[in-house]
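J.: have a look at this prediction, sequence included:
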Amino acid sequence: MSRPLVAILSGAGISTDSGIPDYRGPNGLWRKDPEAEKLVTYEYYMSDPDIRRRSWRMRRDTDRLAPEPNAAHRAVAELERSGVPVRVITQNVDGLHQLAGVPARKVLELHGTARAVVCTGCGARGPMEDALARVEAGEDDPPCRTCGGILKSATVMFGQRLDPEVLGNAVAVTKACTVFIAVGTSLQVQPAAGLAGVAADHGARLIIVNAEPTPYDDLAAEVIRTPISTALPALLHRLSTMG
Ligand code: ZN
């Protein structure tokens with residue numbers, strides 16, 4: 001019997017043990033604070049230099065916390081190293097799956113990454129680290145060094161579309177997988193949430209690991225409510241020894 005292709009859809013809940021709050025979910029911090037939400041809304045960001053200055057300050061302050069992968073991220077990386085084919089589809093922009101050791105090509109970042117910046121003028125990309133160093137050095141709204149255009153984090157802001165290529169790859173992985181694990185996501189934000197339904201429709205074993213009920217629990221073969229940092233390592237260990 002061939003080994004299963006495991007797809008893991010991760011949301012904010014996998015990173016809260018790394019000290020990263022849920023910013024953008026339906027009950028996330030940004031949704032509860034309209035002023036904070038403006039900092040990550042494309043229209044405001046592009047039109048208001050003051051919003052950009054506040055946004056850079058927020059990113060600098062977040063970056064100083066230097067979040068590290070937790071046991072759940074490490075368990076995903078261990079499963080991948082054990083030889084089980086794994087693909088990660090994540091709603092998170094923190095890059096912690098890759099930092100834990102999952103190869104970047106096996107991680108699909110639906111909402112982009114906060115570890116890079118992109119120019120809204122010419123599309124040039126660069127490390128977030130360099131942009132934040134410029135902010136630290138006194139540039140409160142650092143422009144693109146190539147064309148002078150407005151720089152932003154390489155995340156999908158509110159009001160921006162998801163990258164169709166990343167989304168297409170996520171759907172393909174979801175249709176091909178034999179096990180689909182939704183972890184730390186309330187499965188309330190489309191299109192990521194719909195992937196759980198697509199997985200079940202295509203015969204994958206759907207496993208949901210989340211503290212709160214989700215709209216897809218009835219479709220799941222297994223629903224796990226215990227804390228992610230203990231539940232996911234146990235679950236993935238079980239999968240890796242199934243052969
Ligand atoms: Zn540029």
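T.: Alright, I've got the coordinates.

J.: now do residue 175, the pLDDT please.
T.: Among the per-residue scores, residue 175 holds a pLDDT of 97.

J.: check residue 159 too.
T.: Among the per-residue scores, residue 159 holds a pLDDT of 94.

J.: surely it meets residue 41?
T.: Yes. Under the criterion of Cβ atoms under 8 Å, residue 159 is in contact with residue 41, at a separation of 5.4 Å. C-beta: built from backbone N, CA, C; applies to glycine.

J.: more neighbours: those two, which one.
T.: Neighbour totals were compared for residue 159 and residue 41, and residue 41 leads with 18 against 12 (other Cβ atoms under 10 Å).

J.: list the contacts of the more buried one.
T.: In this structure, residue 41 makes contact with 157, 158, 159, judged by Cβ atoms under 8 Å, 6 or more residues apart in numbering.

J.: quick one: buried residues of the longest helix along the chain?
T.: Longest helix of the chain, by residue count under DSSP state H: helix 49-63. Neighbour counts over helix 49-63 (16 or more other Cβ atoms under 10 Å) mark 51, 52, 54, 55, 56, 59, 62, 63 as buried.

J.: any idea which element the residue lying closest to the last one once chain neighbours are set aside lies in?
T.: The spatial neighbour of residue 63 that comes closest, neighbours along the chain excluded (Cβ to Cβ, 6 or more residues apart in numbering), is residue 132 at 5.5 Å. Using DSSP states H and E, residue 132 sits in helix 128-136.

J.: before we move on, what about residue 206?
T.: With DSSP H and E as criterion, residue 206 is part of strand 205-209.
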